[in-house]
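Novice: structure here, sequence nowhere to be found:
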């Protein structure tokens, strides 16, 4: 069984969540130990004991919440920050005013930074700025007046949390880009594998049916003709990738993924169109399309008019040479212009026949082909030698946009 490549979900921020989990455990133990060493200096130690008992239970119970972004919801972040703010404000109730004025630590101490960092990892630098601002306000209320140490600690938490939030946003953007690149690479390899399998099997069978049907004649010839048309259509589909699937990266709680979305219609396209995609439907068993390997961009109106001119040239081939006539379409992407040549294997056009047709009011070539190209600022040259077929060269400048709008 053939193996299919697929992009696994990944999250560059997951190590940050693991680090935050360890930080919360270590800082709650540090805060409790700091309180234990200065227990006899507190004015109301029982208030601190109740708070630390709750803080320890809260920290251990919420470890799964901070193990990843999926469970770290906005409601949890709000509750966690509330615990930190309550601990800061309870310091004035539990501790003495002298110790507070002397710069003593708040009850949750550095555990508060963990609540702010959770905001930074979850929502980026804006969330971090919001949470750290609330912590700064609570510290100023607890101190009663701004002091040098208070301002220093507030600025440190504020800058550190915003910096971490910004780094997380940059990491997510890089993650989305990498996920998109890996997905496109996997899709390209899968398409190449399918192309090899189809080329080795289906296309060869269709080509053989076409050759044998043509040789046998009769109803078998019609079957061969249909097989040839299907072979040409399938070959274009497999080899071209002319209308690529749009891939939009998006961030979810577990990391970046890539999903396929519908491509907008040509009428709604705001940028250049790839001319190859408009000419691909003309390729059949009797019409061979040769094109560059890279996109051929043109302004949408110009691209559609040029494709319509190619269709008019092919209609002339079928009308005047016959349904069994062979035709070739050659697309050339020059630095300043796009050139499309349509050639057939018919008997050619007698000299003076085009002028006679225009005089009789049959203006298919004049209006459908030359008129379209003239409106685009381009040219349509027709070369025909009796017995050697007809060649129509359509040339459109790259700046056709300014000429058509």
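Specialist: Thanks, I have it. Predicted, not measured: the structure shown is a model, and the values here were computed from it.
Novice: CA only for contacts and neighbour counts going forward, please
Specialist: Will do.
Novice: could you list the low-pLDDT ranges of this protein?
Specialist: Judged against pLDDT under 70, the low-scoring parts of the chain cover residues 1-12, 147, 149, 192, 194-201, 203, 233-270, 352-368, 400-405.
Novice: and the helices in it?
Specialist: Counting by DSSP state H, the chain has these helices, from start to end: 14-37, 45-61, 74-94, 97-101, 111-123, 125-143, 148-200, 202-216, 219-240, 275-279, 300-320, 353-359, 372-375, 400-404.
Novice: for the second one, packing partners?
Specialist: When contacts are defined as 3 or more Cα pairs under 8 Å, 6 or more residues apart in numbering; DSSP states H and E, helix 45-61 packs onto helix 14-37, helix 74-94.
Novice: okay, the ones you listed in TSV with mean neighbour count and distance to residue 63 next?
Specialist: Below are these laid out as TSV (neighbours: other Cα atoms under 10 Å; distance: least, Cα to Cα, whole Å):
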stretch	mean neighbour count	distance to residue 63
helix 14-37	17	6
helix 74-94	18	12
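Novice: for residue 215, grab the count of nearby residues.
Specialist: Residue 215 has 12 neighbours, counted by other Cα atoms under 10 Å.
Novice: list the contacts of it.
Specialist: By Cα atoms under 8 Å, 6 or more residues apart in numbering, the residues touching residue 215 are residue 221.
Novice: tell me which of the helices and strands packed on helix 45-61 sits nearest to residue 373.
Specialist: Go through the helices and strands packed on helix 45-61 one by one with Cα to Cα and the one that ends up closest to residue 373 is helix 14-37, at 57.6 Å.
Novice: measure the closest residue to residue 163 other than its chain neighbours to residue 116 for me?
Specialist: Closest residue in space to residue 163, ignoring its immediate chain neighbours: residue 125 at 6.8 Å, by Cα to Cα, 6 or more residues apart in numbering. When distance is defined by Cα to Cα, to the nearest Å, residue 125 is 10 Å away from residue 116.
Novice: more crowded one of those two?
Specialist: Applying other Cα under 10 Å to residue 125 and residue 116 shows that residue 116 carries more neighbours, namely 29 against 25.
Novice: contacting residues for the spatially closest residue to the more buried one that is not a sequence neighbour?
Specialist: Sequence neighbours aside, residue 131 is the residue nearest to residue 116 in space, at 5.6 Å (criterion: Cα to Cα, 6+ apart). For residue 131, the residues meeting the contact criterion (Cα under 8 Å, 6+ apart) are 81, 116, 119.
Novice: picking up where we left off before, let's have the helices and strands packed on helix 45-61 in CSV, adding distance to residue 150.
Specialist: Below are the helices and strands packed on helix 45-61 laid out as CSV (distance: least, Cα to Cα, whole Å):
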stretch, distance to residue 150
helix 14-37, 18
helix 74-94, 12
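Novice: burial of residue 176, as a residue count?
Specialist: The local packing of residue 176 (other Cα under 10 Å) involves 22 other residues.
Novice: could you do residue 302 as well?
Specialist: Residue neighbour count, defined by other Cα under 10 Å, stands at 29 for residue 302.
Novice: does it really touch residue 375, like I thought?
Specialist: No - Residue 302 is not in contact with residue 375 according to Cα atoms under 8 Å; the separation is 9.3 Å.
Novice: re earlier: of the helices and strands packed on helix 45-61, which approaches residue 309 most closely?
Specialist: Ranking the helices and strands packed on helix 45-61 by their distance to residue 309 (criterion: Cα to Cα) puts helix 14-37 first, at 56.0 Å.
Novice: what's in contact with the closest one?
Specialist: For helix 14-37, the surrounding residues in contact (Cα under 8 Å, 6+ apart) are 52, 55-56, 59-60, 63, 66-69, 107-111, 114, 117-118, 121.
Novice: next up, the contacts around residue 117.
Specialist: With contacts defined as Cα under 8 Å, 6+ apart, the neighbours of residue 117 are 20, 128, 161, 164-165.
Novice: could you measure it against residue 156, distance?
Specialist: In this structure, residue 117 and residue 156 are 12 Å apart, going by Cα to Cα.
Novice: need the residues touching each of residue 125 and residue 116.
Specialist: Looking at what touches both residue 125 and residue 116 (by Cα under 8 Å, 6+ apart), the common residues are residue 161.
Novice: what residues are up against residue 38?
Specialist: In this structure, residue 38 makes contact with no residue, judged by Cα under 8 Å, 6+ apart.
Novice: for it, what are phi and psi?
Specialist: According to degrees, to the nearest 10, the main-chain angles of residue 38 amount to phi -120, psi 30.
Novice: brilliant, that's me finished.
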